[in-house]
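Q: Starting from these lines, generate the structure:
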Amino acid sequence: ISQQGGLYNLSDRITGNKGYSLNPNTNLSFRHKGSLPEEVLEITGSYNYTGNKNDLSFYQQYLNPDGSFSGQDSTQRQHNDSRINQYELRASYDRPLTADAKTVLSLGGYYNNSSNRVAVTTRFLNKADSSFDINDPLSSDLRFLQTKTNLRASLNRTIAHGLVFTAGTAVSRNLVHFDL
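A: Coordinates of the predicted model:
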């Protein structure tokens with residue numbers, strides 16, 4: 001409604017959509033207890049995938065203030081395709097350095113890779129030849145990649161029940177890449 005109380009930008013819109021999703025994942029783990037007390041090797045790996053496709057359609061008729069058809073309309077299609085791939089590998093190893101297992105060497109690390117892609121294609125009906133032409137300003141293709149790596153090492157010394165001293169270090173690296 002305008003400042004004068006009249007109708008403007010009146011339209012009638014019909015929408016439709018259909019979609020599809022796929023989300024498989026897998027996890028594997030391995031644990032080995034060594035011959036020494038407190039000696040443990042653990043390795044885990046995982047893979048996750050998400051895929052989504054969504055097709056939208058829009059038909060919009062622009063109307064006069066009295067509700068009659070103005071002669072202008074818009075037909076649009078939008079296709080969304082998103083995919084995420086992620087995998088990770090983790091390992092840790094604990095080994096006692098003394099017979100009483102009061103001093104333990106602990107080593108570990110992980111690697112994580114996550115790749116994302118989101119593609120959106122928007123098309124408008126070209127009434128001259130009944131084809132759907134891509135509208136670049138409303139379309140995009142985003143790619144995002146992130147990789148994380150970490151390594152750690154520490155020494156743990158049990159002084160008394162409930163009292164443990166730990167000294168260690170860790171190094172991490174994170175890489176990020178965008179492609180818009």
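Q: got any ranges where this protein has weak pLDDT?
A: 1-2, 7-8 (pLDDT under 70).
Q: ok, longest strand in it?
A: When the chain is parsed with DSSP state E, its longest strand is strand 69-96.
Q: That strand pairs with which strands, parallel or anti?
A: Within its sheet, and counting by DSSP bridges, strand 69-96 is paired with strand 40-63 (antiparallel), strand 103-126 (antiparallel).
Q: what's the offset of stretch 94-114 from the middle of its chain?
A: Relative to the centre of its chain, stretch 94-114 is centred 31 Å away, using C-alpha atoms, centre = their mean, to the nearest Å.
Q: Which residues are in contact with the residue nearest to Leu22 when sequence neighbours are not counted?
A: The spatially closest residue to Leu22, leaving aside those adjacent along the chain, is Gly51, at 4.4 Å (C-beta to C-beta, 6 or more residues apart in numbering). In short, each C-beta sits where N, CA and C put it, glycine included. If a contact means C-beta atoms under 8 Å, 6 or more residues apart in numbering, then Gly51 has 20-23, 82-84 as its contacts.
Q: that older thread, same list (the strands paired with strand 69-96) but as JSON lines, adding distance to Ile134.
A: Formatted as JSON lines, the strands paired with strand 69-96 follow (distance: least, C-beta to C-beta, whole Å):
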{"stretch": "strand 40-63", "distance to Ile134": "15"}
{"stretch": "strand 103-126", "distance to Ile134": "6"}
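Q: ok so, going back, closest one of the contacts of Gly51 to Val120?
A: Nearest to Val120 out of these is Ser82 (C-beta to C-beta; 8.9 Å).
Q: Just to check, the closest one is in contact with Thr50?
A: Yes. Ser82 lies in contact with Thr50 (C-beta atoms under 8 Å); the separation is 7.5 Å.
Q: before we move on, the earlier item: return the closest of the contacts of Gly51 with respect to Arg31.
A: Asn23 (27.0 Å).
Q: How about the contacts made by that closest one?
A: 48-51.
Q: Return the distance of Ser82 relative to Arg143.
A: 11 Å (C-beta to C-beta, to the nearest Å).
Q: which residues do these two both contact?
A: What both Ser82 and Arg143 touch, as defined by C-beta under 8 Å, 6+ apart, is the set 116-117.
Q: what's the distance between Asn64 and Tyr87?
A: Taking C-beta to C-beta, one finds Asn64 at 57 Å from Tyr87.
Q: Have a look at these two and say which one is more surrounded.
A: Tyr87 (16 against 12; other C-beta atoms under 10 Å).
Q: quick one, what contacts the nearest residue to the more buried one once chain neighbours are set aside?
A: Nearest residue to Tyr87, sequence neighbours excluded (C-beta to C-beta, 6+ apart): Tyr47, at 4.6 Å. Residues near Tyr47 by C-beta under 8 Å, 6+ apart: 25-26, 85-87.
Q: Would you mark the buried spots in the helix or strand encompassing Gln146?
A: According to DSSP states H and E, Gln146 maps onto strand 140-160. For strand 140-160, a neighbour-count test (16 or more other C-beta atoms under 10 Å) marks 156, 158 as buried.
Q: I am finished for the moment; much appreciated.
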